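Peer 1: Task: produce atomic coordinates for the following.
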Amino acid sequence: DEVFVNLEIAQVALLEIAGDTSLVDMLNESDPNGYVVYKEANSSAGISVSSLAQFCTDELRVRKLISFINGTYDGAILRERQESKCRFEIPSNDGLKISSIFELLEENKDSLRLSDYGASQTSLEQVFNIHAAEAEKEK
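Peer 2: Take a look at the predicted model:
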């Protein structure tokens, strides 16, 4: 039988698992990654322990990936995140080659628990869209 817990118990479990409030802080109506867990845990039925465990696993994996990329590449920016898929912008400082990015990801794919990954140079269209979005923000 599946075990279900309410929001309060889910928060205590997340605090214990993460060792900080990072996962608990995601459980709200405005966080796209924590909203579903928040909604289920806050319902009269609660959230299944297996769903809560999957949320923890996914979020801790993403957090480890973000930490790895930020610690490896100065100035790296998380441009987009959809569930467990992340898109980073890594500046090409000091002649950084795309092959070295692939090599590093391949060497660390098991410890980062990556099922797949890719790396590509920024296209002119992407550069234009980034600058257009920044100009729009300044308005």
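Peer 1: Any buried residues in whatever helix or strand residue 23 lives in, and which?
Peer 2: Using DSSP states H and E, residue 23 maps to helix 22-25. Across helix 22-25, burial judged by 16 or more other C-beta atoms under 10 Å covers 23, 24. The way it works is simple: take the backbone N, C-alpha and C, and place the C-beta from them, glycine included.
Peer 1: which residue is nearest the centroid of this protein?
Peer 2: Note on the chain: the residue nearest the mean C-alpha position is residue 62, at 3.9 Å, using C-alpha atoms, centre = their mean.
Peer 1: How much space separates that one from residue 114?
Peer 2: 11 Å (C-beta to C-beta, to the nearest Å).
Peer 1: returning to that earlier point: against which helices or strands is the helix holding residue 23 packed?
Peer 2: helix 7-18, helix 49-72 (3 or more C-beta pairs under 8 Å, 6 or more residues apart in numbering; DSSP states H and E).
Peer 1: who's in contact with the nearest residue to residue 6 once chain neighbours are set aside?
Peer 2: Among residues not flanking residue 6 along the chain, residue 46 sits closest, at 4.8 Å (C-beta to C-beta, 6 or more residues apart in numbering). For residue 46, the contact set (C-beta atoms under 8 Å, 6 or more residues apart in numbering) comprises 4, 5, 6, 7, 9, 10, 40.
Peer 1: tell me which element residue 132 is part of?
Peer 2: Going by DSSP H and E, residue 132 is in helix 124-138.
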